[in-house]
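Chemist: following is a predicted model, sequence given first.
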Amino acid sequence: MENHIESIYWVFTQLCNDQCDHCYNLSGPRGARITEEECLQIVDHLPPSVGRIILSGGEPLAEKQKLYTILDALHAKYKGITQIMLQTNGDLLTEEILDTLIAKGVSRFDIASIDRYHKHAGARLMDLATLFDSRGVNGEEKEPLIEIDTYLNKKPLSWGYWGATEDLWLGGNWARGRAMQKNIWKRDPNHNFCAVLSGGIGFLTGAPGIPQEISIQLWRINPCCPGTAKPMGDARTEDVMHVLRSVSTSPVFQKINEGDPIRMGESVGISEEFARARLAELENICLWCDEFFEKHFEG
């Protein structure tokens, strides 16, 4: 395994100006945070080569100064050869902040609040479109992950928008956090989130049409966005590539890398038949994954 990761999705704060019913990590005005020092430790432990880093929350602009510090540290480490992306609900974005973010190296902005769960429910979309247009940020580019040569040669600025739905992303999908509290998580034992983008598939090797991507929730190193109940490691104290090399030999994580959590327990005596029976009862693949790591996994 080389010292390179295609994509890192880093939730560096769970503080948020909103408190959406569907939020899997309980982001909100009392959301969990880590210190600026811990954030800098995590930057130090990131791989020497990364294709893109997606900074998210919570709401990253709710901790604006910490975000700026992270961006400065990423620029010092990667010298502008890593694409930096920001996922935000857009509520706190202003002309001054947008100018600063662009100056600090953010080249892609994703407004992740165009749905009924967020308090504005997409009402600011046209205002945001005008704001981005005033700064020459292209809204026609629908593919956020661009080829590294294109990024290095042109450094294009782009933005896009999306939101939670019942079938994909956060809307009732991940049986975690406030979605569990509000009873809006997705009940479908046939839906395998692990096998789609932002799931566990390809976190070690990449997969057809899906880049290699890991998630860091605050400091927890995970193979997917919702994260396993037990993290693979602690990015504050452990080198991220060392952690990935360590789990790459595990049959459990190899199955997650294949997008096949139903069979991830075979190496520890949990049959596929047992897993499918439990999944039918639990009605959600993430709940099966949680149960497996809490009850059957000792790594």
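Modeler: Noted; the coordinates are in hand.
Chemist: where in the stretch 1-150 of the chain is pLDDT low?
Modeler: 1, 142-150 (pLDDT under 70).
Chemist: which stretches of it form strands?
Modeler: 4-11, 49-56, 83-88, 106-111 (DSSP state E, counting those that start in this stretch).
Chemist: which stretch among those comes nearest residue 228?
Modeler: The closest of the strands of the stretch 1-150 of the chain to residue 228 is strand 4-11. By CB to CB, the value is 14.4 Å. All C-beta spots, glycine's among them, are computed from the backbone N, C-alpha and C.
Chemist: could the strands of the stretch 1-150 of the chain go into a markdown table alongside mean neighbour count and distance to residue 297?
Modeler: Output for those, formatted as a markdown table (neighbours: other CB atoms under 10 Å; distance: least, CB to CB, whole Å):
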| stretch | mean neighbour count | distance to residue 297 |
| --- | --- | --- |
| strand 4-11 | 21 | 23 |
| strand 49-56 | 21 | 27 |
| strand 83-88 | 23 | 30 |
| strand 106-111 | 23 | 33 |
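Chemist: closest one to residue 208 among those strands?
Modeler: Closest among these, once you apply CB to CB, is strand 4-11, at 13.5 Å.
Chemist: and that closest one, C-alpha only, in PDB?
Modeler: In PDB, the C-alpha atoms belonging to strand 4-11 read as follows (Å, rounded to 0.1, in the frame of the first residue of the first chain):
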ATOM      1  CA  HIS A   4      -1.400   7.800  -0.900                       C
ATOM      2  CA  ILE A   5      -5.200   8.000  -0.300                       C
ATOM      3  CA  GLU A   6      -7.500   9.200  -3.100                       C
ATOM      4  CA  SER A   7     -10.000  10.800  -0.800                       C
ATOM      5  CA  ILE A   8     -10.400  11.700   2.900                       C
ATOM      6  CA  TYR A   9     -13.800  12.900   4.300                       C
ATOM      7  CA  TRP A  10     -13.000  14.700   7.600                       C
ATOM      8  CA  VAL A  11     -15.800  15.900  10.000                       C
END
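Chemist: in its sheet, what does that strand sit against?
Modeler: strand 49-56 (parallel), strand 213-217 (parallel) (DSSP bridges).
Chemist: redo those as a markdown table? Include distance to residue 4.
Modeler: Below are these laid out as a markdown table (distance: least, CB to CB, whole Å):
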| stretch | distance to residue 4 |
| --- | --- |
| strand 49-56 | 4 |
| strand 213-217 | 12 |
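Chemist: out of these, nearest to residue 134?
Modeler: strand 49-56 (22.6 Å).
Chemist: what's next to that closest one, contact-wise?
Modeler: The set of residues external to strand 49-56 that reach it, using CB atoms under 8 Å, 6 or more residues apart in numbering, is 2-12, 46, 67, 70-71, 74, 78, 82-88, 112, 145, 148, 211.
Chemist: do stretch 198-208 as well
Modeler: 1, 6, 9, 169, 192-195, 210-215, 223-225, 244, 247-248, 253-254, 256-259, 261.
Chemist: can you check stretch 219-239 too?
Modeler: Here stretch 219-239 makes contact (CB under 8 Å, 6+ apart) with 9, 24, 34, 38, 41-42, 45-46, 174, 176, 193-194, 198-200, 203-204, 214-217, 240, 242-244, 246-247, 253, 256-257, 286, 289-290, 293-294, 297, 299.
Chemist: tabulate the CA atom coordinates of it in PDB.
Modeler: C-alpha atoms of stretch 219-239 as PDB (Å, rounded to 0.1, in the frame of the first residue of the first chain):
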ATOM      1  CA  TRP A 219     -10.500  11.900  15.300                       C
ATOM      2  CA  ARG A 220     -12.000   8.400  14.600                       C
ATOM      3  CA  ILE A 221     -10.500   6.700  11.500                       C
ATOM      4  CA  ASN A 222     -13.300   4.900   9.700                       C
ATOM      5  CA  PRO A 223     -13.900   2.900   6.500                       C
ATOM      6  CA  CYS A 224     -17.100   4.800   5.800                       C
ATOM      7  CA  CYS A 225     -19.000   8.000   6.500                       C
ATOM      8  CA  PRO A 226     -21.200   6.700   9.400                       C
ATOM      9  CA  GLY A 227     -18.200   4.800  10.700                       C
ATOM     10  CA  THR A 228     -17.900   1.400  12.400                       C
ATOM     11  CA  ALA A 229     -18.900   1.200  16.100                       C
ATOM     12  CA  LYS A 230     -15.200   0.700  16.900                       C
ATOM     13  CA  PRO A 231     -13.000   3.000  14.900                       C
ATOM     14  CA  MET A 232      -9.900   1.600  13.100                       C
ATOM     15  CA  GLY A 233      -7.700   4.100  14.900                       C
ATOM     16  CA  ASP A 234      -7.100   7.500  16.400                       C
ATOM     17  CA  ALA A 235      -5.800  10.100  13.900                       C
ATOM     18  CA  ARG A 236      -4.600  12.300  16.800                       C
ATOM     19  CA  THR A 237      -2.000   9.800  17.800                       C
ATOM     20  CA  GLU A 238      -1.700   7.300  14.900                       C
ATOM     21  CA  ASP A 239      -0.300   7.600  11.400                       C
END
